[in-house]
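*Asks:* take this sequence and fold it.
(chains A, B, C and D)
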There are 2 protein chains.
Amino acid sequence: MSWRKERGRAERGYHHGNLKEALLQAALGLIAEKGPGGFTFADAARMAGVSPAAPYRHFRDRDELLSSIAQRGFEQFEALLTQAWDDGRPDTVTAFERVGKAYLAFARNEPAYYSAMFESGLPVDLNPTLLAASERAFGIIRAAAERLAALAPPGVARPPAMMMALHIWSMSHGVASLFGRGDAARRKLPMSPEDLLEAQVLIYLRGLGFPTDRRPSGPKDPAAPPPVPPAGAPPGAPSGPWGTPK
Amino acid sequence: MSWRKERGRAERGYHHGNLKEALLQAALGLIAEKGPGGFTFADAARMAGVSPAAPYRHFRDRDELLSSIAQRGFEQFEALLTQAWDDGRPDTVTAFERVGKAYLAFARNEPAYYSAMFESGLPVDLNPTLLAASERAFGIIRAAAERLAALAPPGVARPPAMMMALHIWSMSHGVASLFGRGDAARRKLPMSPEDLLEAQVLIYLRGLGFPTDRRPSGPKDPAAPPPVPPAGAPPGAPSGPWGTPK
DNA sequence: CAGCTCATGTAAAAGCCTTTCACATGAGCT
DNA sequence: AGCTCATGTGAAAGGCTTTTACATGAGCTG
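*Replies:* Numbers count the residues shown, from 1 in each chain, chains lettered A, B, ... in the order given. Next comes the predicted model:
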């Protein structure tokens, strides 16, 4: 019984009572501090106060535990994005940018989930449940892109909504992966990841013909957005979210 | 000696002759097929035909071998990007897009290097040599962005070159990470990663005021690029690299 | 060419992890 | 009270990592 930690008062008997959940939590903690590769099944068991063989009653193997975590991650991710999108309120562009920020916030606040989802090397495509969860999350981004596309200034060349969604996903994921976490593993940045992503998305949207002068917070998109100013001569001289152009 | 594979003719004696290199190659192969987490020090030794302890004469530990691979990866990456950039010939935008393609090509053709560099969880920031190599590679992108920035239509709000470089890096990395490899671990895409990235970069550049109608391959940027057409009404009606807008 | 020395390998062992299997417990039902 | 099945335990097999003492032989020295 050497593996059994001295547990406070709540002495539990032979049965743990909620081992599966305890293992998930333990794993989450371990992944957060040592990465998806660093976490060990045995460690999680130890942390939950059970023998190294106990986890096998709840997960086929180490990978299945990892998958479960990724699964949960995608679910929470979807919930977060849904909330951020808020069905496009108060206006599509604002909501859209909020989604980008939510993406980064998730990567930063839930590094364990994030790495299980995107950096654990799990074969997402081979796990139907996981794949479905992943696609539901992406679905939010896609829905947002759909709305954005419908709103895009007519007459301007633009990609299908699906492609826009993939673009946004790539940008968010790229920023999050490269600079998004406090890890020592990540690179230093002369600005916040949020600012980096926001500027990027704004430029991208402008490339699609959207007006991107800092909107004065008043709702203004519902029906027809104001005509697009020529890209070469924006109304307010040099300005934008990135300070003065050097 | 059970670990010693039946070696063809070239019977080698007690000393291997080039173990360090052999280990790097072996590891590269293993990483390519099983990911950076799947590779084991012992496997590499076995593959090189030496005892499990032999590698320790050349690498402090497993991580150092991984770092060496990442290091080499960054060097090859830098070389590839340099070549793709070709000092901005024949024109800045064309060369710029070539760099993006080279990024994807590297991720696809050298998945082992790529994952060692970006997905192995190595603390890049804590390894000066590695960090330097990484920054030299990024330096190419930054130099390209620098040139692009100098070329951007004046009068339009635009970010500092450094930020543009980070944007480009993020886009490339995002696309490469999410869709760039044939792995079962990656997602399916309704188009090629190259097309996805190219469209994305073009939209981004248009957002910066660059003309992005498919240039007819003739060099045309050296001094002053043609005036930017209004974003809302491009010269050639709806068109672009992404097919017909639905 | 004998002799030395040091880089490079080997063997063996400790310690940790994963996974399996037979067996123990006890929660819930009859 | 007695059964049964889910949930844990122990023990053991098989790998991997890393360390340590020892073996080899390549290359230099005289």
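*Asks:* and residue A:64, how far from residue A:24?
*Replies:* 11 Å (CB to CB, to the nearest Å). (Each C-beta comes from the backbone N, C-alpha and C, glycine too.)
*Asks:* helix or strand for the residue nearest the centre of chain A, which one?
*Replies:* Taking CA atoms, centre = their mean, the centroid of chain A lies closest to residue A:103, which sits 3.6 Å from it. For residue A:103, the host element (DSSP states H and E) is helix A:92-109.
*Asks:* related to what we said a few turns ago, show me what contacts the closest residue to the residue nearest to the centre of chain A other than its chain neighbours?
*Replies:* Excluding the flanking residues, the one nearest residue A:103 by CB to CB, 6 or more residues apart in numbering or on different chains is residue A:172, at 4.0 Å. By CB atoms under 8 Å, 6 or more residues apart in numbering or on different chains, the contact set of residue A:172 is A:100, A:103-104, A:197, B:174.
*Asks:* higher neighbour count, residue A:64 and residue A:24?
*Replies:* Neighbours around residue A:64 and residue A:24, counted as other CB atoms under 10 Å in any protein chain shown, are more numerous at residue A:24. The numbers are 19 against 14.
*Asks:* that one is in contact with residue A:70, isn't it?
*Replies:* No: if you go by CB atoms under 8 Å, residue A:24 and residue A:70 don't touch, sitting 11.3 Å apart.
*Asks:* flag every residue of chain A that's near DNA strand C.
*Replies:* A:13-15, A:40-43, A:52-53, A:56, A:61-63 (CB under 7 Å from any atom of the strand).
*Asks:* from these, which is closest to residue B:154?
*Replies:* Distance ranking of the residues of chain A next to DNA strand C against residue B:154, using CB to CB, places residue A:63 first at 55.1 Å.
*Asks:* show me the contacts for residue A:196.
*Replies:* Residue A:196 neighbours (CB under 8 Å, 6+ apart): A:175, A:179, A:189, B:163, B:166-167, B:170.
*Asks:* so for these, which is the shakiest by pLDDT?
*Replies:* Minimum pLDDT for these is recorded at residue A:189 (87).
*Asks:* so which bits of chain A are right by DNA strand D?
*Replies:* Close to DNA strand D, as judged by CB under 7 Å from any atom of the strand, chain A has residues A:1, A:4, A:14-17, A:19, A:50-54, A:57-58.
*Asks:* so what are the domain limits for chain A?
*Replies:* A:17-59, A:62-207 (automatic domain parsing).
*Asks:* and the end-to-end length of the longest one?
*Replies:* If I follow you right, that is domain A:62-207. Terminal residues of domain A:62-207 are spaced 45 Å apart (CA to CA, to the nearest Å).
*Asks:* helix or strand for residue A:171, which one?
*Replies:* helix A:161-179.
*Asks:* buried sites along that helix?
*Replies:* A:161-179 (16 or more other CB atoms under 10 Å in any protein chain shown).
*Asks:* same question for stretch A:134-147.
*Replies:* Here stretch A:134-147 shows A:134, A:137-138, A:140-147 as buried, counting by 16+ other CB under 10 Å.
*Asks:* now that stretch: average pLDDT?
*Replies:* 96.
*Asks:* and for stretch A:84-103?
*Replies:* 94.
*Asks:* for it, what is the distance to the chain centroid?
*Replies:* 14 Å (CA atoms, centre = their mean, to the nearest Å).
*Asks:* and the angle from the helix holding residue A:171 to helix A:92-109?
*Replies:* 40 degrees (axes from the mean of the first three to the mean of the last three CA atoms, to 10 degrees).
*Asks:* next SSE after helix A:161-179?
*Replies:* helix A:193-207.
*Asks:* got the angle between that next one and helix A:92-109?
*Replies:* Going by the same axes, to 10 degrees, helix A:193-207 makes 150 degrees with helix A:92-109.
*Asks:* re the thing from before, can you lay out the contacts of residue A:172 as TSV showing distance to residue A:93?
*Replies:* Output for those, formatted as TSV (distance: CB to CB, whole Å):
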residue	distance to residue A:93
A:100	11
A:103	16
A:104	17
A:197	14
B:174	21
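*Asks:* and the helices in chain A?
*Replies:* A:19-38, A:41-48, A:62-85, A:92-109, A:111-118, A:128-151, A:161-179, A:193-207 (DSSP state H).
*Asks:* so which of those helices comes closest to residue B:118?
*Replies:* Comparing those by CB to CB, helix A:161-179 comes nearest, at 7.5 Å.
*Asks:* okay, residue A:19 and residue A:32: tell me how far apart.
*Replies:* Residue A:19 sits at a distance of 20 Å from residue A:32 (criterion: CB to CB).
*Asks:* same thing with residue A:116?
*Replies:* Distance from residue A:116 to residue A:32, by CB to CB: 10 Å.
*Asks:* more crowded one of those two?
*Replies:* residue A:116 (28 against 18).
*Asks:* can you name the residues that contact that one?
*Replies:* Counted by CB under 8 Å, 6+ apart, residue A:116 has contacts A:31, A:36, A:66, A:69-70, A:73, A:122.
*Asks:* and the end-to-end length of stretch A:35-43?
*Replies:* 13 Å.
*Asks:* so how far is that stretch off the chain centroid?
*Replies:* Stretch A:35-43 sits 22 Å away from the centroid of its parent chain (CA atoms, centre = their mean).
*Asks:* quick check: mean pLDDT of it?
*Replies:* 94.
*Asks:* can you check stretch A:195-211 too?
*Replies:* On average, stretch A:195-211 scores 93.
*Asks:* how far does it sit from its chain's centre?
*Replies:* Per CA atoms, centre = their mean, the centroid offset for stretch A:195-211 relative to its chain is 19 Å.
*Asks:* then stretch A:145-153?
*Replies:* 22 Å.
*Asks:* can you show me the CA trace of it as CSV?
*Replies:* Presented in CSV, the C-alpha positions along stretch A:145-153 are these (Å, rounded to 0.1, in the frame of the first residue of the first chain):
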residue,chain,number,x,y,z
ALA,A,145,-17.8,32.6,-41.5
GLU,A,146,-21.0,31.8,-43.2
ARG,A,147,-22.6,34.9,-41.7
LEU,A,148,-19.6,37.0,-42.5
ALA,A,149,-19.6,35.9,-46.1
ALA,A,150,-23.3,36.8,-46.5
LEU,A,151,-22.4,40.2,-45.3
ALA,A,152,-19.3,40.7,-47.4
PRO,A,153,-19.5,43.6,-49.8
